[in-house]
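Novice: pasting the structure only:
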């Protein structure tokens, strides 16, 4: 059989990785797919550089629209990135009846509904394993491997940059700025790291996973997003003393009133496997009602790990591209006419445990005042740490202040917020309360 | 559309779990599969008990052959176990043009070639996610998720009984017999635990994974199998002191001369995630050339975790049962006409690091003699631990003996065996040498 013909948009990290893996393992891939898979055309800005990489057998040009209009191509791989040009190209390719493979999480989290509708209208597939957690086949696990389950929750370390920074902060005791500079120097963080460190990238990914897990449309606009740039080294230290590590988690949970969809720094018990995922690695914990907890771990970024996912999608599409659409896995795991309208909950309605750090005057009765406020709010305390008072003021004399760290049992966020407002109004509490969320993951 | 009709052979742990999950999550599953999936007929020995579980809507009988011959059924789920009756029933179902879903690792490891050929001849599918690592979708990951990769090696904790026993031995410092008795009391080990503790069950599973990973036929008869019943508590303790934990691993590796296929107790660095998989949990580490290391973790046994895999297979088969076979994933990941004849290597040709424990007379020169033998065999030492000599003889006096523990760099097994023979011939070495294999997993 003729090889299937693939057009590649972009030849950056993911694009060139895909080209390389597809070529190096072409024999192995053909033995699996039953048919060769060939990139026959590439559209890039820098044509000369692309020619040097791709050689003469591949048609290289700088017009991406000409590529998606090329009738000789069966599948388009989009590695352009962003949500402007990429969206236009993907929609045009789909309307031209071409299957699309993409690693573009922002595009799917923001425009997934439009894109999947365009694909269905043309009877073609959009495959996006590479959009979440790089080489880890987590989309396949959620969409196909766990179909027997009512998925209850997902908690993932799905951004390598922030996990690297948090590992550095904990292991070396450095502050956020130092760890970020290290990450930039070592290539784990971009020059403008905003999307990573502020949690936006993780929110794109958990949005995609929530849609697949719960059969709801993509709703990035309702995700709660809090990054790690405001995280203090002292909280990592105190968390460690209490038996926890802090990770930036993307969390999606089926609650009674709706779906929780949130990204924030999270305390998790140090003994959990997820707590021991260090450096730039990714891992996703999925809890289903039948299977219990399952965990998927691997490299979440990089040229070849991401290419691993892109090429796996190419094999799937190759196998099914002439099949009746009913033989294919639905884009969001659930049949398009079976999506649910369960709402995404606002963060104030989320249930969580909380870590609170309070700076207080070291006088009698302060702890009683605080615990009374929590008790009145129906919030019970799981653990408490009071540090010895040995800090000094600017004159070098004991300042008579101390840190109190509390971990609460699970409560609804609006209650903890109300309690914090009351606590901060106490005259003995000398600064704002630091609040972090905590998940037992059990 | 009419629900697809499933016949269930057996209603033990896996069978009843499958029935329960399919019923409880029927709405969720229908939304995913686009069609209902119903168990309409069951064949069991104890018909009365089955009627009590299954209710009146299901036809219950005690003739399994009548069930596999029933023209009303589309898919047969085999949960009978064993390789006798189960083999007959599966082959007959396939020849009758029915798809088969099975959790039977022994059947596939021993008769996989015959079964897949029968399935291909009838144009039907055999699905077996539940045969390896219970609810963890590892077959799907290997067969579909990692198709871009040349798989280099797999190392898995794929038997919960032995992992539970090893966790007990390490955490509580007890010997094998005590830990086994605990496992039996708690339901983690069977009354006759031979298949689990001697590594046979793990060997069935790693045989199946090796076939999928490397595109070779099932070759259980060439697997090297060593269980944990001969493992001493003292070696777990010494390993811990050297920074290792001992796990029963199923290992499949692509080596230069062939494929390594082996199950044995293995030292692995304590810091690896795999070393921290405790109790009855399973985890499989897969190394691909593009993706690097990926890990899959979850419950490897139990009614609902195994049912999770069985039902996921039912959804896959439901989706593809009217599709052209070319649209389906090949049983062993590679197209049947593309299997490789790469041989399985004998254990003497395997490359590994080694842990050696020697009991020696505590006299000058003994270590020099031993290291000289290793050096002459081209074996270099990675770590050495000599215990203080404070053991006593039966009269309560110092016996003048001491333990020497060595960890070697990677070498070929026949060389280490030759060196051990020479070491045991030394007059200063007072007992046989304990040899365990070590994997860095990097």
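Specialist: Sure thing, it's come through. Predicted model, so just to flag it, every value in this text is computed and none were measured. Numbers count the residues shown, from 1 in each chain, chains lettered A, B, ... in the order given.
Novice: what about residue A:27, how many neighbours?
Specialist: The number of residues packed near residue A:27 is 10, by other Cβ atoms under 10 Å in any protein chain shown. The way it works is simple: take the backbone N, C-alpha and C, and place the C-beta from them, glycine included.
Novice: just the element for it, please.
Specialist: helix A:26-33 (DSSP states H and E).
Novice: buried ones in that helix?
Specialist: By neighbour count on 16 or more other Cβ atoms under 10 Å in any protein chain shown, the buried set for helix A:26-33 is A:28, A:29, A:30, A:31, A:32, A:33.
Novice: grab the nearest non-local neighbour of the fourth one.
Specialist: If I follow you right, that is residue A:31. Nearest residue to residue A:31, sequence neighbours excluded (Cβ to Cβ, 6 or more residues apart in numbering or on different chains): residue B:338, at 3.8 Å.
Novice: identify the residues contacting the one you found.
Specialist: Residue B:338 makes contact with A:30, A:31, A:32, B:215, according to Cβ atoms under 8 Å, 6 or more residues apart in numbering or on different chains.
Novice: same check on residue A:137?
Specialist: Contacts of residue A:137 (Cβ under 8 Å, 6+ apart): A:129, A:296, A:309, A:312, B:140, B:141, B:144, B:145, B:146, B:294.
Novice: ditto for residue A:284
Specialist: Contacts of residue A:284 (Cβ under 8 Å, 6+ apart): A:132, A:133, A:136, A:138, A:154, A:155, A:156, A:157, A:158, A:209, A:295, A:296.
Novice: and the residues you listed, which is closest to chain B?
Specialist: Of all the contacts of residue A:284, chain B sits closest to residue A:295, with 3.9 Å by Cβ to the nearest Cβ.
Novice: can you tell me the SS state at the closest one?
Specialist: strand (DSSP: H, G, I helix; E, B strand; the rest coil).
Novice: burial count for it?
Specialist: Around residue A:295 there are 25 residues (other Cβ under 10 Å).
Novice: how about residue A:348?
Specialist: By other Cβ under 10 Å, neighbour count at residue A:348 equals 13.
Novice: pLDDT score assigned to the nearest residue in space to it that is not next to it in sequence?
Specialist: Setting aside the residues directly before and after it, residue A:348 is nearest to residue A:414 in space (Cβ to Cβ, 6+ apart), at 4.2 Å. Per-residue pLDDT puts residue A:414 at 98.
Novice: the one helix or strand residue A:414 maps to - contacts with which helices or strands?
Specialist: Using DSSP H and E, residue A:414 falls within helix A:413-424. Helix A:413-424 is packed against strand A:351-361, helix A:366-376, with contacts defined by 3 or more Cβ pairs under 8 Å, 6 or more residues apart in numbering or on different chains; DSSP states H and E.
Novice: ranking the ones you listed by burial, who's on top?
Specialist: Most buried of the helices and strands packed on helix A:413-424 by mean neighbour count (mean count of other Cβ atoms under 10 Å in any protein chain shown) is strand A:351-361; its value is a mean of 21.
Novice: state the mean pLDDT of that strand.
Specialist: 96.
Novice: and the angle from it to helix A:366-376?
Specialist: 160 degrees (axes from the mean of the first three to the mean of the last three Cα atoms, to 10 degrees).
Novice: please compute how far strand A:351-361 lies from its chain's middle.
Specialist: 26 Å (Cα atoms, centre = their mean, to the nearest Å).
Novice: can you check stretch A:218-230 too?
Specialist: With Cα atoms, centre = their mean, you get 10 Å for stretch A:218-230.
Novice: give me the contact list for that stretch.
Specialist: A:108-110, A:112-113, A:162, A:165-166, A:176, A:197-200, A:202-204, A:206-208, A:210-211, A:248, A:261-265, A:343-344, A:346-347, A:350.
Novice: from those, which would you call buried?
Specialist: A:108-110, A:112-113, A:162, A:165-166, A:176, A:197-200, A:202-204, A:206-208, A:210-211, A:248, A:261-265, A:344, A:347, A:350.
Novice: get me the contact residues on the stretch 301-442 of chain A for chain B.
Specialist: A:304-305, A:307-312, A:314-316, A:319-320, A:322-324, A:326-330, A:333-335, A:338 (Cβ under 8 Å from any Cβ of the partner chain).
Novice: give me the buried subset of the residues you listed.
Specialist: A:304-305, A:307-312, A:314-316, A:319-320, A:323, A:327-330, A:333-335, A:338.
Novice: in strands only, show me those.
Specialist: The members of these all map outside strands under DSSP state E.
Novice: residue ranges for the strands of the stretch 1-150 of chain A, please.
Specialist: A:4-9, A:37-43, A:59-61, A:75-78, A:99-102, A:126-127 (DSSP state E, counting those that start in this stretch).
Novice: in JSON lines, list those strands along with mean pLDDT and mean neighbour count.
Specialist: Below are these laid out as JSON lines (pLDDT from 0 to 100; neighbours: other Cβ atoms under 10 Å in any protein chain shown):
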{"stretch": "strand A:4-9", "mean pLDDT": "98", "mean neighbour count": "24"}
{"stretch": "strand A:37-43", "mean pLDDT": "98", "mean neighbour count": "22"}
{"stretch": "strand A:59-61", "mean pLDDT": "97", "mean neighbour count": "17"}
{"stretch": "strand A:75-78", "mean pLDDT": "98", "mean neighbour count": "28"}
{"stretch": "strand A:99-102", "mean pLDDT": "98", "mean neighbour count": "27"}
{"stretch": "strand A:126-127", "mean pLDDT": "98", "mean neighbour count": "25"}
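Novice: run through chain A and note the low-pLDDT ranges.
Specialist: A:389-390 (pLDDT under 70).
Novice: before we move on, back to that, among the strands of the stretch 1-150 of chain A, which is nearest residue B:257?
Specialist: strand A:37-43 (30.0 Å; Cβ to Cβ).
Novice: now find how far off-centre the closest one is within its chain.
Specialist: 29 Å.
Novice: any residue of that strand up close to chain B?
Specialist: No. Against chain B, strand A:37-43 shows no contacts by Cβ under 8 Å from any Cβ, the least distance being 9.8 Å.
Novice: show me what that strand is packed against.
Specialist: Packed next to strand A:37-43, using 3+ Cβ pairs under 8 Å, 6+ apart, are strand A:4-9, helix A:13-24, helix A:26-33, helix A:47-54, strand A:59-61, helix A:64-68, helix A:303-320.
Novice: helices or strands next to the longest one in the packing?
Specialist: Contacts of helix A:303-320 with other secondary structure elements, assessed using 3+ Cβ pairs under 8 Å, 6+ apart, are made with strand A:4-9, helix A:13-24, helix A:26-33, strand A:37-43, strand A:75-78, strand A:99-102, strand A:126-127.
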